[in-house]
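> How does the following fold in three dimensions:
(2 chains)
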Amino acid sequence: MMQDYKLMLDAYAQAGGTPDIFKNSQIAHLVVHKNKVFGSNVVNGLVLKPRETESGVDIKLMVKKDIKIKNPVHLCFGVLPKVGIQEINFRAKIEEGAGVKVLAHCVFPNAVKVVHKMNAEIEIADSAYYEYDEVHFHGQIGGIEVIPRAKIKVGKNSRIITNFWLLKGRVGFLNLDYESEILDNSILEMTVKIYGYGDDRIKIREVGRLIGKSSRGLIKSRIAVKNNAQSEIINELIATAPDTRGHVDCVEIIQDNAQAKAIPIVSVTNELAKVTHEAAIGRVDKKQVQTLMAKGLDEEEAIDLLVSGMLK
Amino acid sequence: MEILKMEKISLNLKGRQILKDLTLSVESNTIHSILGPNAAGKSSLAYVLIGCSDYIAQSGRVYFMGKDITNFPVYKRAKMGLTLAWQEPARFEGLTIKDYIAVGMKDKNNTLIEESLYRVLLDPKNYLNREVDKTLSGGERKRIELASVFAMMPKLAILDEPDSGIDILALDKIVNIITELKRQGTTIILITHREEVSEIADKSSLMCSGLIVKEGNPREVSKFFKERCIPCLTKIFPAEGNSKVKGGKVN
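Take a look at the predicted model:
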């Protein structure tokens, strides 16, 4: 087990994490390998309860009323063997006036036939704040299925931010589905950034329902696909309350034989609401490439810089 | 000493002749202005010089420092010390101004990046970590393009209408920046349709309809432009004549 823990931390570091934080008692954390909890720590005001199941872990995260957790809560999920399954059931409840940022690293460096499922239910009370950043680190084989699901409810005067980054290693098959409901004066920001290649398959569906007066929503996707990778992005914002504002922004860059599809859906049923969208799919902009080439980069270097900039 | 020579360059795009047997010689360590009205072929000339893939000349040769670079791609020309500051520079999401300026630098040092921003009158504190994206105004973007030319220290820089979209108050500053570039040792091809900007050059070429119609002293070329070209434009575009020409200047 110690050996696996060390390997998890190595993979965590490769994903961009800093393993030293797991030694810091001021930082809450949870490390889960397959269905085993390798380590955890909590801080005042935070409840973080994992329960091992047959195929994964059930996790309850709660931040008590008016408590703002100073340091991000670090979660590390992973499957180290070539074959395996990990199902995470994640329940988060942020009480009134509370706030927390959660940073999750998901590491599958050796996956040949690995499935990672995440079922999340997030409840954010009034005047609360919740940010959930998920960073993936996959190996080069692409034998992984990642299936994250989230149902999010946000109270009044609150803010939710979700970021999903899959930029290191092969995507494999990704099927992400997030849905959210936003009440009065609250703000939703959802962003995905993904780089797919080989024969990766990317399916994204993000839905924001602006049902509270003066709520705000931004759904943003940045996708780059090359070789034979395929992506399909559905970004949907529904505004039913007065004075709501929303924007859907999807940019996909394709290279080689890759294919990309973007489906922005905006639905407004209140005359005082306004939702806009922009979607662009295409090869790398020629003028951008030539501008960088006029500074001495060859074409491949210029495209790499453009793609990495977009996904930064 | 001649740093650049274009010899009998002809460029056709979509069945239209854009450049017609054009020959141009640029002396080292000078400012050489290319003056001319809109659609004269000035920017096309710049794209042929830098080697843009959509602007491959059907005939003629381009020589840079004595070497035939006609078939060189853009980046090879840039590596030799030839660059272009675009009339409407592209925007780059996720790329900071600091990283953008560093792209063209051989020795990527922060001091030079900051200095190049100071030279174009932008405070590095406010700009280094901003992105080269849509949040910059047109004027700011143009200055950043000039800053990147400064930092790159090229042998020859083509500045495509650095004065366009710049208010009249900022024009003096742009002129100072261009002369400062020359002082640094960079030869400049200055493309413009403002004769007062063209007059800062050491030599001037007047372009019209893909041809160089007059060359020589910038003041004489400007005078010719004012006296002959502008009245000609008002004849060709009578409906727009009054708005294009006001107080003897092309708006």
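> With A:E145 as the reference, measure out to the closest residue to A:V83 other than its chain neighbours.
Spatial nearest neighbour of A:V83, chain neighbours left out: A:K113 (4.7 Å); criterion: Cβ to Cβ, 6 or more residues apart in numbering or on different chains. (C-beta placed from N, C-alpha, C; glycine too.) To A:E145, A:K113 is 9 Å away according to Cβ to Cβ, to the nearest Å.
> So for these two, which residue has more residues nearby?
The neighbour comparison of A:K113 against A:E145 (other Cβ atoms under 10 Å in any protein chain shown) goes to A:E145, with 17 against 14.
> Doesn't the more buried one belong to a helix?
No. Counting by DSSP: H, G, I helix; E, B strand; the rest coil, one finds A:E145 to be strand, located in no helix.
> pretty sure it contacts A:L176?
No. Under the criterion of Cβ atoms under 8 Å, A:E145 is not in contact with A:L176, lying 11.5 Å apart.
> Look up phi and psi at B:L128.
phi -50, psi -40 (degrees, to the nearest 10).
> For it, which residues are in contact?
If you count contacts by Cβ atoms under 8 Å, 6 or more residues apart in numbering or on different chains, B:L128 has them with B:T96, B:I97, B:K98, B:I113, B:E114, B:L117.
> Report the two of those residues separated the most.
Farthest apart among these by Cβ to Cβ are B:T96 and B:E114. That separation is 13.1 Å.
> Could I get the pLDDT score of the residue nearest to A:V83?
Per-residue confidence (pLDDT) for A:K113: 96.
> Kindly provide the distance from it to A:E52.
Distance from A:K113 to A:E52, by Cβ to Cβ: 22 Å.
> follow-up on the earlier one: hmm, which of the contacts of B:L128 are the buried ones?
Among the contacts of B:L128, those buried by neighbour count (16 or more other Cβ atoms under 10 Å in any protein chain shown) are B:T96, B:I97, B:K98, B:I113, B:E114, B:L117.
> could you pull out the strands for the stretch 101-250 of chain A?
Shown for the stretch 101-250 of chain A, the strands assigned by DSSP state E, counting those that start in this stretch span residues A:113-124, A:129-138, A:144-154, A:159-168, A:173-182, A:187-196, A:201-210, A:216-225, A:230-239, A:245-254.
> want to throw the ones you listed into CSV with distance to B:E195?
Below are the strands of the stretch 101-250 of chain A laid out as CSV (distance: least, Cβ to Cβ, whole Å):
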stretch, distance to B:E195
strand A:113-124, 63
strand A:129-138, 56
strand A:144-154, 60
strand A:159-168, 51
strand A:173-182, 58
strand A:187-196, 49
strand A:201-210, 55
strand A:216-225, 45
strand A:230-239, 51
strand A:245-254, 42
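> list the contacts for the nearest residue to A:S308 once chain neighbours are set aside?
Leaving aside its chain neighbours, A:S308 sits nearest to B:G94 (7.4 Å; criterion: Cβ to Cβ, 6+ apart). With contacts defined as Cβ under 8 Å, 6+ apart, B:G94 is in contact with A:S308, A:G309, A:M310, A:L311, A:K312, B:E131, B:D133.
> Nearest to B:L171 among those?
Nearest member of these to B:L171, counting by Cβ to Cβ, is B:D133, at 25.7 Å.
> thinking that closest one is in contact with B:A90, fair?
No. With contact defined as Cβ under 8 Å, B:D133 does not count as touching B:A90 (10.2 Å).
> ok so, going back, in three-state terms, how would the residue nearest to A:S308 be classified?
strand.
> mind listing the helices in chain B by residue range?
B:42-50, B:74-80, B:97-103, B:110-119, B:124-127, B:138-152, B:168-183, B:195-198, B:218-224, B:230-236, B:238-244 (DSSP state H).
> Can you mark which positions in the second one are buried?
Along helix B:74-80, the positions that meet the burial threshold by neighbour count (16+ other Cβ under 10 Å) are B:V74, B:Y75, B:R77, B:A78, B:K79, B:M80.
> will you turn these into a markdown table that also has pLDDT and distance to A:L75?
Shown next, in a markdown table, are the buried residues of helix B:74-80 (pLDDT from 0 to 100; distance: Cβ to Cβ, whole Å):
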| residue | pLDDT | distance to A:L75 |
| --- | --- | --- |
| B:V74 | 97 | 46 |
| B:Y75 | 97 | 44 |
| B:R77 | 97 | 50 |
| B:A78 | 97 | 46 |
| B:K79 | 96 | 47 |
| B:M80 | 97 | 52 |
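> Give me the distance between the two termini of stretch A:46-61.
In stretch A:46-61, first residue to last residue: 7 Å (Cα to Cα, to the nearest Å).
> which residues make contact with it from outside it?
So stretch A:46-61 is contacted by A:28, A:30, A:32, A:34-37, A:40, A:42, A:62-64, A:67, A:69, A:73, A:85-93, A:100, A:102, A:117 (Cβ under 8 Å, 6+ apart).
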